[in-house]
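Trainee: quick one: sequence plus predicted model below, questions after.
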Amino acid sequence: MILFENDSFMILCKAFGEYQTNCYLTIDKQTDEALIIDPGIGASTWVIETLESKKPLAILNTHGHFDHVWSNAELLSYFGKIPLLCPLEDAFMLTEDCFSTGLPQSTPSLLVGGKEGETIERKTANTENLGRENHYTLGNFIVEFSCYPGHTPGCSVIVLSSKLTNTDSTSAQNASSQSEIPPLSQQKVMFSGDFIFHRSIGRSDFPYSSHSAMKVSLEKFMEKKENLLILPGHGNTTSVAQEQANIPYWLARL
């Protein structure tokens, strides 16, 4: 199912597993290069068949929960030496079965936010990494991880664009007043993982989660000016502006 398409790339989505976790494939329309985002339980066959004539560049994990990373290991084995990117603070959830689910273990080749020689260890969410941004160029894709801890220690959103497209003309500055909703970007999209959903937010009552970190992360998200399409880890698409209108409801309940 194609959820988004512009002149540079398209995004396909299919939900998998008991928790209906959305797995996304982004495909460069010029080069056929592709990114795999959050391959959950049972996603491998669909990913492999869909990318049969494509060129996978990397696997990206928004966070470390098992229903978003389950098929990492199988896909890494099938596609060979493509990189696996995961937020530093969540990497322990990939390398050990900390929720006793039978998770096939995988090891990130790039720890997002980590320094050279950084070790993987268990962490609990706090705000030390709040707002951290890490940028990568993978083929023509520009990938930006922004950290919003709370749901998990390294919980992140991924903003995707292409270096083949010009800067968005539909910027927040085009709104004639502060009360006007900025137009939706046609050049960038946000994969929100389990941080933000359509009319909801991620839970912060799991092991390694934090209510207080989630609250500060939501407050930080309210400052975002660009209105991007949000492709969440579960459920339907939404937008930054739509969910900023809903966040005060959740802030009052955390």
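Mentor: Noted; the coordinates are in hand.

Trainee: which strands or helices does the least confident helix or strand in the chain by mean pLDDT pack on?
Mentor: Scoring the helices and strands of the chain by mean pLDDT, DSSP states H and E places strand 2-5 at the bottom, with a mean of 95. Judged by 3 or more CB pairs under 8 Å, 6 or more residues apart in numbering; DSSP states H and E, strand 2-5 is in contact with strand 9-16, strand 229-232. Every residue, glycine included, has its C-beta placed from N, CA and C.

Trainee: which residues touch the last one?
Mentor: Read it as strand 229-232. Contacting residues not belonging to strand 229-232 are listed as 3-4, 11, 13, 22, 24, 184-185, 189-194, 196-198, 237-240, 242-243 [CB atoms under 8 Å, 6 or more residues apart in numbering].

Trainee: tell me the pLDDT of residue 117.
Mentor: For residue 117, the model assigns a pLDDT of 86.

Trainee: likewise for residue 17?
Mentor: Residue 17 is assigned 95 on the pLDDT scale.

Trainee: what distance do you get for it to residue 66?
Mentor: 9 Å (CB to CB, to the nearest Å).

Trainee: what touches both of those two?
Mentor: Going by CB under 8 Å, 6+ apart, residues that sit against residue 17 and also against residue 66 are residue 41.

Trainee: looking at these two, which one has more neighbours?
Mentor: Neighbour tally, residue 17 and residue 66, criterion other CB atoms under 10 Å: the higher count belongs to residue 66, 21 against 16.

Trainee: hey, C-alpha coordinates of stretch 62-79 in PDB?
Mentor: Provided in PDB are the C-alpha atoms of stretch 62-79 (Å, rounded to 0.1, in the frame of the first residue of the first chain):
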ATOM      1  CA  THR A  62      12.700   4.200  15.500                       C
ATOM      2  CA  HIS A  63      13.200   2.400  18.900                       C
ATOM      3  CA  GLY A  64      14.000  -1.000  20.300                       C
ATOM      4  CA  HIS A  65      10.700  -2.700  21.200                       C
ATOM      5  CA  PHE A  66      10.500  -6.200  19.900                       C
ATOM      6  CA  ASP A  67       7.500  -5.700  17.700                       C
ATOM      7  CA  HIS A  68       9.500  -3.100  15.700                       C
ATOM      8  CA  VAL A  69      12.800  -4.900  15.400                       C
ATOM      9  CA  TRP A  70      11.800  -8.600  15.200                       C
ATOM     10  CA  SER A  71      12.800  -9.200  11.600                       C
ATOM     11  CA  ASN A  72      16.100  -7.300  11.700                       C
ATOM     12  CA  ALA A  73      18.100 -10.400  12.100                       C
ATOM     13  CA  GLU A  74      16.500 -12.300   9.200                       C
ATOM     14  CA  LEU A  75      16.700  -9.400   6.800                       C
ATOM     15  CA  LEU A  76      20.300  -8.700   7.700                       C
ATOM     16  CA  SER A  77      21.100 -12.300   6.900                       C
ATOM     17  CA  TYR A  78      19.200 -12.200   3.600                       C
ATOM     18  CA  PHE A  79      20.400  -8.900   2.300                       C
END
